[in-house]
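Q: Provided below for reference: sequence and predicted model.
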Amino acid sequence: MKKTVLIVFMALSGLYTMAQGEFGLKGGLNYSANGDYFESAGDAARNPDRNVGYHLGVFGKIGASKVYVRPELVYTKTKSDYDGNDFDMSKLDVPVLLGINVIGPLHVFAGPAFQYILDTEFDGITIDDVENDFSVGMNIGAGVNLGKLGIDLRYERGFSDNEASFINTNITNVGPSRIDTRPDQLILSLSLAL
């Protein structure tokens with residue numbers, strides 16, 4: 001726990017120091033469908049909270065009027081469905097995005113996302129810790145800024161192989177099982193520059 005608090009403190013200090021251009025708060029919803037976004041659309045309509053999580057955090061933005069760098073520190077809670085069972089994960093995300101203002105309030109961005117996994121739970125079944133607490137992924141998206149208010153939609157995909165294992169409680173399937181814990185999600189965010 002001390003290690004996590006130290007990492008959060010250092011990241012927040014770095015964001016505050018770097019964000020001489022802009023600093024703000026952000027939050028929103030995550031939709032994780034294990035890569036089957038279109039196939040799971042019907043399930044999402046019937047059970048809207050099935051794969052929906054949330055995120056809250058801070059961001060900094062530095063750069064010229066056309067190109068910018070936007071580091072973020074975000075607490076993320078995700079939920080994924082694996083054959084009718086929920087897999088919940090809590091993590092700290094640190095995306096470092098390079099963005100370009102395209103036209104007017106519209107901008108596009110992409111960059112690496114560093115994740116530190118805090119906790120995992122699989123429908124009340126005790127699972128081993130994930131293989132790697134730290135993983136790397138990619139964010140790509142677009143957004144609109146209207147004054148101090150911003151909204152963006154992004155896709156996040158994890159690159160690092162990362163699995164959690166658990167003992168299967170199904171009698172017909174004996175032995176340990178594994179699930180992929182890499183992020184694969186759509187993220188909708190609302191931000192407010194301070």
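A: Yep, that arrived. Numbers count the residues shown, from 1 in each chain.
Q: Bridged to the nearest residue to G150 once chain neighbours are set aside, which residues?
A: Distances taken as Cβ to Cβ, 6 or more residues apart in numbering place S191 nearest to G150, at 4.2 Å, with adjacent residues excluded. Where C-beta positions appear, they are placed from N, C-alpha and C, glycine not excepted. With DSSP bridges as the criterion, the beta-bridge partners of S191 are K26, G150.
Q: S80 contacts T120, doesn't it?
A: No: with contact defined as Cβ atoms under 8 Å, S80 does not count as touching T120 (10.5 Å).
Q: related to what we said a few turns ago, and the residue nearest to G150, what does it touch?
A: 24-26, 59, 149-152 (Cβ atoms under 8 Å, 6 or more residues apart in numbering).
Q: Mind checking which of those are buried?
A: 24, 26, 59, 150-152 (16 or more other Cβ atoms under 10 Å).
Q: where in the chain is pLDDT low?
A: For the chain, the stretches flagged by pLDDT under 70 are 1-20, 33-50, 81-85, 122-132, 160-183.
Q: So which residues of it form strands?
A: Here the chain has its strands, by DSSP state E, at 22-32, 52-63, 67-82, 85-103, 106-122, 134-146, 149-158, 163-167, 176-180, 184-193.
Q: Output the last one as CSV, nothing but the C-alphas.
A: In CSV, the C-alpha atoms belonging to strand 184-193 read as follows (Å, rounded to 0.1, in the frame of the first residue of the first chain):
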residue,chain,number,x,y,z
ASP,A,184,-9.7,-3.6,-24.3
GLN,A,185,-12.3,-0.9,-23.9
LEU,A,186,-14.0,2.2,-25.1
ILE,A,187,-13.7,5.2,-22.7
LEU,A,188,-16.0,8.2,-22.7
SER,A,189,-14.6,11.1,-20.6
LEU,A,190,-15.8,14.5,-19.5
SER,A,191,-13.1,17.0,-18.5
LEU,A,192,-13.0,20.4,-16.8
ALA,A,193,-9.9,22.7,-17.0
